[in-house]
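Enquirer: Sequence and predicted structure below; questions after.
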Amino acid sequence: MRLAEYTSSRVGGPAADWIEATSATQAVQALRALDDSGVPVLVLGGGSNTLMADSGFPGTVVRLAFSGTEVVEEADSTVRIRIAAGHSWDEAVAWSVDQGLTGLEALSGIPGSAGATPVQNVGAYGADVSQSLVSVQAWDRRAGELVTLTKEDLRFGYRDSVIKRSLLASDDTTPRWVVLSVDFRLHHTGRTAPVRFAQLAHALGVEEGDWAPLETVRHHVLHLRAGKGMVLDPEDHDTWSTGSFFTNPIVPASVRAHLPEDAPAYGAGRDADGEPLVKLSAAWLIDRAGFGKGFGLGPDEHPIAGARASLSTKHTLAVTNRGAASTADLLAVARTVRDGVQGRWGVELHPEPVLVGCAL
Ligand SMILES: Cc1cc2nc3c(=O)[nH]c(=O)nc-3n(C[C@H](O)[C@H](O)[C@H](O)COP(=O)(O)OP(=O)(O)OC[C@H]3O[C@@H](n4cnc5c(N)ncnc54)[C@H](O)[C@@H]3O)c2cc1C
């Protein structure tokens, strides 16, 4: 089984072994057996945030292929829903909008599975899953038991959670906790939703903070995302990516002082020593370091990786496969951009996707 067929960048070599888990029970049995025998494990949802090595994966891929949505609790104004890990995230969002439930609509169009959304606290257009997530049911690979982790247990941050940190802090290829289902608390709001993002408010013709019909919010989010190549489309190579390749860097406010006045920066709390932090725009840093949309394609610039990979022609944050790229090609583009930004602005960019068997 070639991983390229199961990842949105369409790169990655073969997996030594492959299990398609069609139920949570089957996933747990497989994970327990593999961990007991010491076989490397890679849990895969939609493959939209994973960059796989060209050499493939020397262990067993466990693909979570079980789906389902259910209402588990109803109160006057709220509903608690449970989404199985392998369920398509966007289908779950569409379902919630159809039910007239508010909370997930701004997260329309994000590829991948519901179970992966807490891993990096998926977010867009002023929303992220931490705002409505209640808890997850998960298999704790270290303790060998089923657990419920609340929103507080998950200690969410910007594109971050305790699950993602458990992965980055180890040389394992799968997090300590494998999410089996996710619970969200959504609101009955008479089919309208608050608009929390200026660009979205502008597209809707309302003020930020105003309310708009749920279906209209979803429609406009999908439209805005498609214009940036951020909705998967097999015909459009700008979407053959992992979405944003770099996270927006969070740096001491003193770093901001060395950037031009028009560099976007947003308050991001304080570090352990109390120094104020700001979040910079990775897209701005990349663009203004000389890496515009389509960088890497040539002929005016230096084509990188034989122009098989480039920045998206719609958005400078996505590193895209133009049809015949390898993982090494994508990494060559990403490396050039990362090093160029470091050289121009002195700011280090970090990859958002999980790199498996490869490094930037
Ligand atoms: C075009 C495009 C646009 C995107 N836009 C956005 C966006 O707007 N906002 C955003 O936040 N992200 C965005 N992404 C990134 C991606 O869609 C999300 O991170 C998504 O949640 C990944 O889901 P997945 O099932 O594809 O994860 P995968 O790539 O399959 O897995 C990602 C990581 O999570 C682990 N994992 C997967 N499932 C589980 C589970 N059930 N339990 C524990 N670990 C698990 C995997 O082992 C891997 O380490 C975009 C990606 C693309 C291609």
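Expert: Alright, I've got the coordinates.
Enquirer: pLDDT below threshold where in the stretch 251-360 of the chain?
Expert: 299-302 (pLDDT under 70).
Enquirer: what does it have sitting close to the ligand?
Expert: Val354 (C-beta under 6 Å from any ligand atom). Heads up, the C-betas are built off the backbone N, CA and C, glycines and all.
Enquirer: Name the residue of the stretch 251-360 of the chain that lies nearest to the ligand.
Expert: Val354 (3.7 Å; C-beta to the nearest ligand atom).
Enquirer: ok, that residue to Ala305 distance?
Expert: Using C-beta to C-beta, to the nearest Å, Val354 is found at 21 Å from Ala305.
Enquirer: mind listing the helices for the stretch 101-250 of the chain?
Expert: Listed in chain order, the helices of the stretch 101-250 of the chain (DSSP state H, counting those that start in this stretch) span 151-154, 162-168, 198-204, 214-227.
Enquirer: Give the other helices and strands that the third one contacts.
Expert: What that stands for is helix 198-204. helix 214-227 (3 or more C-beta pairs under 8 Å, 6 or more residues apart in numbering; DSSP states H and E).
Enquirer: Surely Val11 is in contact with Asn321?
Expert: Yes: contact criterion C-beta atoms under 8 Å: Val11 and Asn321 qualify, at 6.1 Å.
Enquirer: overlap in contacts of the two?
Expert: Residues touching both Val11 and Asn321 by C-beta atoms under 8 Å, 6 or more residues apart in numbering: 329-330.
Enquirer: what's the angle from the host helix or strand of Val97 to helix 214-227?
Expert: Take DSSP states H and E as the rule and Val97 turns out to sit in helix 89-98. On the basis of axes from the mean of the first three to the mean of the last three C-alpha atoms, to 10 degrees, helix 89-98 is oriented at 150 degrees to helix 214-227.
Enquirer: which of the residues in helix 89-98 are buried?
Expert: 89-90, 92-97 (16 or more other C-beta atoms under 10 Å).
Enquirer: for that helix, packing partners?
Expert: Against helix 89-98 (3+ C-beta pairs under 8 Å, 6+ apart) you get helix 214-227.
Enquirer: any idea which helix or strand comes after the helix it packs on?
Expert: Counting by DSSP H and E, what follows helix 214-227 is strand 250-252.
Enquirer: mind giving me the domain split of this protein?
Expert: Domains of the chain are assigned by automatic domain parsing as 3-64, 69-227, 237-356.
Enquirer: Take the helix or strand that contains Leu330, keep the C-alpha atoms, and write them as CSV.
Expert: Per DSSP H and E, Leu330 falls inside helix 327-345. Taking only C-alpha atoms (Å, rounded to 0.1, in the frame of the first residue of the first chain), the coordinates of helix 327-345 have been written out as CSV:
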residue,chain,number,x,y,z
THR,A,327,8.5,14.2,-0.4
ALA,A,328,12.1,15.3,-0.9
ASP,A,329,10.9,17.8,-3.5
LEU,A,330,8.3,19.3,-1.1
LEU,A,331,10.9,19.5,1.6
ALA,A,332,13.4,21.2,-0.7
VAL,A,333,10.9,24.0,-1.3
ALA,A,334,10.0,24.2,2.4
ARG,A,335,13.7,24.3,3.4
THR,A,336,14.5,27.1,1.0
VAL,A,337,11.6,29.2,2.3
ARG,A,338,12.4,28.5,6.0
ASP,A,339,16.0,29.4,5.5
GLY,A,340,15.1,32.5,3.5
VAL,A,341,12.8,33.7,6.2
GLN,A,342,15.4,33.1,8.9
GLY,A,343,18.0,35.0,6.8
ARG,A,344,15.7,37.9,6.0
TRP,A,345,13.9,38.4,9.3
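Enquirer: Off-centre distance for the helix or strand following that helix?
Expert: Downstream of helix 327-345, the first helix or strand assigned by DSSP H and E is strand 354-356. In terms of C-alpha atoms, centre = their mean, to the nearest Å, the centre of strand 354-356 is found 12 Å from the chain centre.
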